[in-house]
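In: Curious how this folds, go ahead:
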Amino acid sequence: AGHGAPATRRRRLAPGKGLPFGRLIGPVLVVAVWWAASALGQLDPRILSGPGDVLSTAGDLIAQGRLQSNVLVSLERAGLGLLFGVAAGVLLALVAGLSRTGEYLVDGPLQIKRAIPSLALLPLMILWLGIGESMKVVVVALGVAVSVYVNVHTSLTSIDGRYVELARVLRLSRWQFVRKVVMPGALPGFFTGLRLGVTSSWLGLVVVEQINATSGIGYMMFQAQQYAQSDVIIVGLVVYGVFGYVTDAAVRAAERRALSWRRTLAG
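Out: Take a look at the predicted model:
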């Protein structure tokens, strides 16, 4: 009995067994409350359209081809910004995390950028790069790079010093040390940074697509706001939300596979 008690306490302390697709419960409840409030006449359609109207509007936008074309443009911008941002964030984190000189040169500017909102950089980015696609991709990439850098750098600098000593004893080369010690040690931070980076890419997209844009989901929403079309605005929000949720779930799945050796409360 004495041996069973600690196990019982551990089971009670843990969050419990996960449910398949359990993370969908929250969004489904939000939609259900929204639908019920609309059906009961508690929502002013001029301010917030009901789910039925939003679905109907989405169908019309798809039939016209507007939704698909704008979604493809937004996906391209977000994808390029994420790709360049992740690459830059990882590279800068390695430079700052593996070299004291690199840390002195890189960490300060990145922390300053972290404190500056992307919206505040837009006037300068427009001045330097114009209002074309390059400006939009760079703004998205900057937000992603900072998120990835902070988390990867934190993981690198948190690697136990005993592993460094062990690598010296085993006479590992610099490349072997990076491959066998640094990269595995930085993976948890990389995936955390990647999840935040994915979120940053969509947040940056919302900003750049509503300023000096002629296409994209944000542009479609901005145009709808001019004509008080709340249903079109909500369609855009739903698209952003769905893409954000799906990409975050994909990163989570990759993280579970890559870090399957870890035993955590998340299971």
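In: Which strands or helices does the helix or strand containing residue 70 pack on?
Out: Here residue 70, judged by DSSP states H and E, is contained in helix 66-98. Under the contact criterion of 3 or more Cβ pairs under 8 Å, 6 or more residues apart in numbering; DSSP states H and E, helix 66-98 touches helix 51-64, helix 100-115, helix 133-157, helix 183-208, helix 217-226, helix 230-258. (C-beta placed from N, C-alpha, C; glycine too.)
In: Would you mark the buried spots in that helix?
Out: 66-67, 70-71, 73-74, 77-78, 80-82, 84-86, 88-90, 92-97 (16 or more other Cβ atoms under 10 Å).
In: That one vs helix 230-258, what angle?
Out: 40 degrees (axes from the mean of the first three to the mean of the last three Cα atoms, to 10 degrees).
In: Tell me which of the helices and strands packed on helix 66-98 sits most buried.
Out: Mean neighbours per residue, mean count of other Cβ atoms under 10 Å, is largest over the helices and strands packed on helix 66-98 for helix 133-157, with a mean of 23.
In: and the helices and strands packed on helix 66-98 as TSV, adding distance to residue 127?
Out: Formatted as TSV, the helices and strands packed on helix 66-98 follow (distance: least, Cβ to Cβ, whole Å):
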stretch	distance to residue 127
helix 51-64	34
helix 100-115	17
helix 133-157	10
helix 183-208	15
helix 217-226	21
helix 230-258	28
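In: Kindly reformat those helices as TSV containing mean pLDDT.
Out: Formatted as TSV, those follow (pLDDT from 0 to 100):
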stretch	mean pLDDT
helix 51-64	88
helix 100-115	87
helix 133-157	90
helix 183-208	86
helix 217-226	86
helix 230-258	87
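In: Of those helices, give the one that comes closest to residue 25.
Out: Residue 25 sits nearest to helix 230-258 of all those, at 12.8 Å, using Cβ to Cβ.
In: Pull the distance from that closest one to the chain's centre.
Out: 9 Å (Cα atoms, centre = their mean, to the nearest Å).
In: and what of stretch 106-121?
Out: With Cα atoms, centre = their mean as the basis, stretch 106-121 stands 18 Å off its chain's centre.
In: Among the helices and strands packed on helix 66-98, which comes closest to residue 26?
Out: helix 230-258 (10.3 Å).
In: the inter-axis angle of that closest one versus helix 183-208?
Out: Using the same axes, to 10 degrees: helix 230-258 against helix 183-208 is 170 degrees.
In: could you say what helices and strands helix 230-258 packs with?
Out: Applying 3+ Cβ pairs under 8 Å, 6+ apart, one finds that helix 230-258 contacts helix 51-64, helix 66-98, helix 183-208, helix 217-226.
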